[in-house]
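S.K.: got a predicted structure here, sequence first:
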Amino acid sequence: MNLLQKTLDIIRPADKEAIKKAWERMDNLSKPIGSLGKLEEIAVKMSGITGKVKNRINKKNTIIMAADNGVWEEGVSACPQELTAIITNNYTKGITGIGVLSDYAKADICVIDVGVKAEFNNPNIINKKIAYGTKNIAKGPAMTREEAIKAIEIGIEAVDNLVKEGYDLFGTGEAGMCNTATSAAVISVLSGMDSDIVAGKGSGLTEEGFANKKAVIKRAIEINDPDKKDPIDVLTKVGGFDIAGLCGCFLGAAKNRVPIVIDGIIACAAALCAFRLNPNVKDFMFPSHLSAEPGSEYVMNEIGLRPGLNMDMRLGEGTGCPLEFCIIESALCVMNNMATLEEASIHNSEFFVDIREK
């Protein structure tokens, strides 16, 4: 709890003076004001994070939290539970979606076992196992409050350590059967929305299986009665180790004043928890894409973010992050290298009107 509280106390909002200076430069580049849309917003937001008008990314890393969920025994996933361990191992081989996309984006991944129901003999998987999966949320709390805080602090520590290694742009990924169910439960409680609206099919459920999933989520919320005003209580009762770990990653990024990308629905649930713990984390978050899972749009609206991509993606793993890494670096390239009006010998700028949304 000490690390978590210290982190929450340290987090400060974006540098408003740097943002002002960044907009001054951006609006003076040789283009109509606002004509590069979200690329302009991204570059300026980065200035608010670092305090510098011009920025470059040195090293990129998507942190993947892997954990199993006890609610699997309720039949809310079409996949065998053993698949969590298989996928977690495969992440380190570079053959998964996040692996090939990260390779293309020249980004690294960091795989952390925070609660997989298996043992690994793989030096590329960081062992931070809290337990062999959570307990079944349809019968009681997923974990203790102490375990939830421990998982959050594992995420904070992961970012702390990687920042020391020179990483300055982060993504969020996960592995865990049934984590769309736990994410839907977390988002439902925090939002006050009916869980039937928030829940999605996840990995290939039949209509009958989907109906069961929604019923299990609803039952879990009723049995555990989590306090929506306390994100840690929500994670404790209906969350997962992976969601809590990623929540810590968002807090850790804000603490270290480095940007972090939100991937799919599990990362969305984690981002919402972090935002409720300290709203200033919003200034360090970049959404990658709008997940096909129903709860994602609510989370984006709640935090006040707009994903730049809508590609019907729902793989998870962090696959949206390397795509967003490329977009972020493109935005910084514009800010750093595009000529100003003066440099481009454009002296009559009356046609360069402001088309940004007010």
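M.R.: That came in fine, so what should we check first? Numbering: from 1, shown residues only.
S.K.: let's verify residue 315: helix, strand, or coil?
M.R.: coil (DSSP: H, G, I helix; E, B strand; the rest coil).
S.K.: could you point out the longest helix in the chain?
M.R.: Longest helix in the chain, counting residues (DSSP state H): helix 145-164.
S.K.: how about that one: buried residues?
M.R.: 147-160, 162-163 (16 or more other CB atoms under 10 Å). The way it works is simple: take the backbone N, C-alpha and C, and place the C-beta from them, glycine included.
S.K.: per-residue confidence at residue 255?
M.R.: Looking at residue 255, its pLDDT reads 98.
S.K.: for the buried residues of helix 145-164, which one is nearest residue 292?
M.R.: residue 155 (25.0 Å; CB to CB).
S.K.: for that closest one, which non-adjacent residue is spatially closest?
M.R.: residue 248 (2.3 Å; CB to CB, 6 or more residues apart in numbering).
S.K.: what's the neighbour count on the one you found?
M.R.: Using other CB atoms under 10 Å, residue 248 has 33 neighbouring residues.
S.K.: let me know the secondary structure of it.
M.R.: helix.
S.K.: just how off-centre is the longest helix of the chain within its chain?
M.R.: 14 Å (CA atoms, centre = their mean, to the nearest Å).
S.K.: same deal with stretch 103-113?
M.R.: On CA atoms, centre = their mean, the centre of stretch 103-113 falls 14 Å from that of its chain.
S.K.: I'd like to know how far residue 244 sits from residue 287.
M.R.: As judged by CB to CB, to the nearest Å, residue 244 and residue 287 stand 20 Å apart.
S.K.: same question, residue 311
M.R.: For residue 311, the distance to residue 287 - CB to CB - is 13 Å.
S.K.: and these two? which has more neighbours close in?
M.R.: residue 287 (23 against 13).
S.K.: tell me the contacts of that one?
M.R.: Going by CB atoms under 8 Å, 6 or more residues apart in numbering, residue 287 touches 261, 262, 300, 305, 306, 307, 308, 324.
S.K.: check which helices and strands the host helix or strand of the first one sits against.
M.R.: Translated: residue 261. Assessed by DSSP states H and E, residue 261 sits inside strand 260-262. Where contact means 3 or more CB pairs under 8 Å, 6 or more residues apart in numbering; DSSP states H and E, strand 260-262 is packed against strand 169-175, helix 241-256, strand 285-287, helix 320-337.
S.K.: out of those, which is closest to residue 104?
M.R.: helix 320-337 (6.7 Å).
S.K.: list the buried residues for the closest one?
M.R.: So, applying 16+ other CB under 10 Å, buried residues of helix 320-337: 320-325, 327-329, 331-332, 334-335.
S.K.: what's the most distant pair in those residues?
M.R.: 320 and 335 (22.7 Å).
S.K.: low-confidence regions, the stretch 251-358 of the chain specifically.
M.R.: Residue ranges of the stretch 251-358 of the chain with pLDDT under 70: 347-358.
S.K.: what residues are up against residue 335?
M.R.: Here residue 335 is in contact with 22, 25, 26, 29, 43, 44, 46, 47, 53, 54, 55 (CB under 8 Å, 6+ apart).
S.K.: and the fourth one, how far from residue 335?
M.R.: Computed with CB to CB, the distance linking residue 29 and residue 335 is 8 Å.
S.K.: all strands of the stretch 1-150 of the chain, in order?
M.R.: Assigned by DSSP state E, counting those that start in this stretch, the stretch 1-150 of the chain shows strands spanning 60-67, 108-115, 125-127.
S.K.: so for residue 292, which of the ones you listed sits nearest?
M.R.: Smallest distance to residue 292 across the strands of the stretch 1-150 of the chain (CB to CB): 19.7 Å, for strand 60-67.
S.K.: what angle separates that closest one from helix 145-164?
M.R.: 160 degrees (axes from the mean of the first three to the mean of the last three CA atoms, to 10 degrees).
S.K.: and strand 60-67, what does it pack onto?
M.R.: helix 83-91, helix 97-104, strand 108-115, helix 145-164, strand 169-175, helix 241-256, helix 320-337.
S.K.: average pLDDT across the very next helix or strand once past the fifth one?
M.R.: So that's strand 169-175. Remark: after strand 169-175, the chain's next helix or strand is helix 179-191, criterion DSSP H and E. Mean pLDDT, helix 179-191: 97.
S.K.: can you show me the CA trace of helix 179-191 as CSV?
M.R.: These are the backbone C-alpha positions of helix 179-191, laid out as CSV (Å, rounded to 0.1, in the frame of the first residue of the first chain):
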residue,chain,number,x,y,z
ASN,A,179,-10.9,-11.7,-18.6
THR,A,180,-13.5,-10.1,-20.8
ALA,A,181,-16.0,-11.3,-18.2
THR,A,182,-14.1,-9.7,-15.3
SER,A,183,-13.6,-6.6,-17.3
ALA,A,184,-17.3,-6.3,-18.0
ALA,A,185,-18.0,-6.7,-14.3
VAL,A,186,-15.5,-4.0,-13.3
ILE,A,187,-16.8,-1.6,-15.9
SER,A,188,-20.4,-2.3,-15.1
VAL,A,189,-19.9,-1.6,-11.4
LEU,A,190,-17.9,1.6,-11.9
SER,A,191,-20.2,2.9,-14.6
